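**Student:** coords please:
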Amino acid sequence: MNDFIKSIPKGVKLVAVSKTHSCEIIRQVYDNGFRIFGENKPQELVKKYNELPKDIEWHFIGHLQTNKVKYIAPFVELIHSVDSPKLLAEINKEAAKQNRTIKCLLQVHIAKEETKFGFTISELQKYLSTKEFLKYNFVNIVGIMGIATYTNDTIQIRNEFHSLRKIFDTLKETTFANNLDFCELSMGMSNDYKIAINEGSTIVRIGSLIFGERDYSIK
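**Tutor:** Next comes the predicted model:
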């Protein structure tokens, strides 16, 4: 564990992916100094939020259905997976009810698998050109996120992360040039985080290297 932590450069945020793990296990990781945790099921996240220390920074990292936004809107710090205009509108609506601003990342589809979610590059360009998102006062788009293809081909993974970094740089210089908060590039998990960091990731989502294999008995 210590060697793994030392491999994360300063300036890169480490999200401990705690999905499927019990509050007891999460508390052990918390006691070792981790403060940012990621979940992908709203009801599970709410349960853990209620039972664990309140200085934890909770990130939502999975596909989020619009009808589930209301459950996490009161406390979630960052939603990594905004993959449609409809979802962003719903997050803004629920954040307004809570009178708080929710930070969000736009998810870009960079993988070969069609099962992964996210805007295609053309969809993202079209959406951002409408400036519809500028009317939302209760969301703050602070960056983008992408998941590479699940493969052993490190060249392919590197190319996908590199393409996402180029999209991020372009958006930072154009659409979000006046948003100083637009600074996060979330990419990289346990199997490819080193490549992601080399390609400019500012947030990595790590599960098995911290928690070990997932406990699927947790409901």
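**Student:** how close does the residue nearest the centre of the chain get to Ile72?
**Tutor:** Nearest to the geometric centre of the chain sits His80, at 2.7 Å (C-alpha atoms, centre = their mean). Using C-beta to C-beta, to the nearest Å, His80 is found at 12 Å from Ile72. Where C-beta positions appear, they are placed from N, C-alpha and C, glycine not excepted.
**Student:** find residues that contact each of those two.
**Tutor:** Both His80 and Ile72 are contacted by Phe60, under the criterion C-beta atoms under 8 Å, 6 or more residues apart in numbering.
**Student:** partner strands of the host helix or strand of Trp58 and their direction?
**Tutor:** Using DSSP states H and E, Trp58 sits within strand 57-60. Sheet pairing of strand 57-60 (DSSP bridges) gives strand 36-39 (parallel), strand 78-82 (parallel).
**Student:** who's in contact with Lys112?
**Tutor:** By C-beta under 8 Å, 6+ apart, the contact set of Lys112 is Thr149, Thr151, Gln156.
**Student:** chain center to stretch 150-162: distance?
**Tutor:** Averaging C-alpha positions (C-alpha atoms, centre = their mean, to the nearest Å) puts stretch 150-162 19 Å from its chain's average.
**Student:** what's in contact with that stretch?
**Tutor:** Stretch 150-162 has contacts (C-beta under 8 Å, 6+ apart) with 110-113, 146, 148-149, 187-188, 191-192, 195-196, 198-201.
**Student:** how does it look with 7 Å?
**Tutor:** Contact with stretch 150-162 is made by Ile110, Ala111, Glu113, Ala148, Thr149, Met187, Asp192, Ile195, Ala196, Glu199, as judged by C-beta atoms under 7 Å, 6 or more residues apart in numbering.
**Student:** ok, of these, which come out buried?
**Tutor:** Buried subset of the contacts of stretch 150-162 (neighbour count, 16 or more other C-beta atoms under 10 Å): Ile110, Ala111, Ala148, Met187, Asp192, Ile195, Ala196, Glu199.
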